[in-house]
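In: okay, sequence plus prediction incoming.
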Amino acid sequence: QLQLVESGGGLVQPGGSLRLSCKASEFVLDYYSIGWFRQAPGKEREGVSCISSDDGSAYYSDSVKGRFTISRDFAKNTVYLQMNSLEPEDTAVYYCAAENTFRQCVISPHEYNDWGQGTQVTVSS
């Protein structure tokens, strides 16, 4: 059974940085694109970034482009989300999810079937 476990969330001041990790079951990264999503209280879940399974190409939402970077480490079965220049508007529960596809990844939550439990990110002074 595919498993995804997020970690790395916490409390950070505006302008600070965090690195989130998404640890996946073995071989998942070879066949699944991985996406990062977030959900703030009272808001819908939104796509943040994704990395494609075949060529590792990345996609970012306009709200995080230039501040967040997604990467993966096959040896550790882990996808990372490096978040810099954090803003209070980035406060949310962050989830990673997996999509079994070889096409270019997308950041639509409806395309993803397997989800982690989430990790809280709070940006506040």
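Out: Here it is on my side, so go on.

In: what bridges to V79?
Out: C22, R72 (DSSP bridges).

In: look up how far D90 lies from it.
Out: 18 Å (CB to CB, to the nearest Å). Using the backbone N, CA and C atoms, a C-beta is placed for each residue, glycine as well.

In: ok, now Y59?
Out: For Y59 relative to D90 (CB to CB), the value is 18 Å.

In: tell me the bridge partners for the residue nearest to the spatial centre of the chain.
Out: In the chain, the centroid-proximal residue (CA atoms, centre = their mean) is W36; its distance is 2.3 Å. Under DSSP bridges, the beta-bridge partners of W36 are S49, C96.

In: check contacts around it.
Out: By CB atoms under 8 Å, 6 or more residues apart in numbering, the contact list for W36 reads 20, 22, 47-50, 70, 79, 81, 94-97.
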